[in-house]
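[1] Make a model of this:
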Amino acid sequence: MPAPSGSLRNLLRGLPVLVGAAPEFDPAQAPADPVALFIEWLLHAVDSGVVEPHAMTLSTVGAAAGTGLARPSARVLILKDIDAAGWHFGVSSASRKGADLARNPAVSLTFYWPALGRQVRVDGMALPDPPSVTTDDFLARSQGARAMVLTGRQSEPYADSAEISEALAKAHLELERSPTLVPVEWVSYAVRADAVEFWQADASRRHRRLRYERDDDTNWSTTLLWP
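    From the prediction side, this is the model:
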């Protein structure tokens with residue numbers, strides 16, 4: 001039986017927050033390019049033993065519903081690479097997120113490492129990678145992950161788990177026959193950032209926030225934000 005609303009509110013308010021061991025962060029010493037700072041923070045998270053530090057929330061905008069308002073949608077994906085082109089990830093165009101991206105490439109990425117009291121937000125446009133990058137991304141996935149994509153059924157409803165088992169069995173056979181097969185539905189994207197915000201927690205709520213905004217192809221402006 002669910003807890004009474006008041007009890008749940010008290011429980012949630014009583015849970016500890018901002019308990020991570022926040023590293024030192026001096027915005028005045030930050031590099032001119034947010035990609036360099038992001039890689040520094042990501043590698044620190046890896047070295048600190050953060051679980052799945054490359055996990056990120058991808059937020060997209062879907063089609064307008066009955067109210068006429070476009071609906072945001074979010075899910076957690078894995079960052080595959082970051083370079084001069086942007087933050088890379090792969091999706092199936094047959095999925096809901098794939099349809100959202102085809103319709104509206106404006107996205108947000110959110111990384112949160114609570115053990116370090118750090119968060120990074122990336123706003124920009126998701127642009128398709130060259131076909132060679134898409135191919136390499138798909139073939140680098142595990143066989144189980146590739147087989148699931150080959151079913152072409154992501155997000156579809158089903159009535160019996162046997163449907164999934166049967167579709168996966170067929171997909172595995174297909175991979176055995178064609179191990180370098182890449183489905184046309186698979187797309188690798190790079191998010192070209194327009195703005196990147198770095199957030200360092202402080203237990204007294206005097207958080208440090210540094211926002212980068214793109215001026216042109218190579219230059220960025222930085223702004224300190226109130227907590």
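[2] So residue 197 is in contact with residue 212, correct?
    Yes - at 7.4 Å, residue 197 counts as touching residue 212 under the criterion of Cβ atoms under 8 Å. Any C-beta I mention is one placed from the backbone N, CA and C, and that applies to glycine too.
[3] So between those two, which is more surrounded?
    Between residue 197 and residue 212, counted using other Cβ atoms under 10 Å, residue 212 has the larger neighbour count: 24 against 18.
[4] so the more buried one makes contact with residue 219?
    No - checked against Cβ under 8 Å, the pair residue 212 and residue 219 is beyond contact range at 10.2 Å.
[5] Going along the chain, name the strands of the chain.
    55-64, 70-78, 81-83, 86-92, 106-113, 118-128, 186-200, 208-214, 220-225 (DSSP state E).
[6] List just the one of these that sits closest to residue 174.
    Checking the strands of the chain against residue 174 by Cβ to Cβ gives strand 186-200 as the closest, at 13.9 Å.
[7] Which positions in the closest one come out as buried?
    Using 16 or more other Cβ atoms under 10 Å as the test for burial, strand 186-200 gives 186-193, 195-200.
[8] same question, stretch 161-181
    Those would be 167, 168, 171, 174, 175, for stretch 161-181 by 16+ other Cβ under 10 Å.
[9] do stretch 151-163 as well
    For stretch 151-163, the neighbour count (16+ other Cβ under 10 Å) marks 151, 153 as buried.
[10] Can you give me the end-to-end span of that stretch?
    With Cα to Cα, to the nearest Å as the measure, stretch 151-163 spans 10 Å from end to end.
[11] Average pLDDT for that stretch, rounded please.
    For stretch 151-163, the mean per-residue pLDDT is 88.
[12] in this structure, which residue is closest to the centre?
    When Cα atoms, centre = their mean is applied to the chain, the residue found nearest the centroid is residue 56 (3.1 Å).
[13] Low-confidence ranges, this structure, go.
    Across the chain, the ranges flagged by pLDDT under 70 are 1-5, 65.
[14] for it, what's the longest helix?
    If you go by DSSP state H, the chain has its longest helix at helix 161-177.
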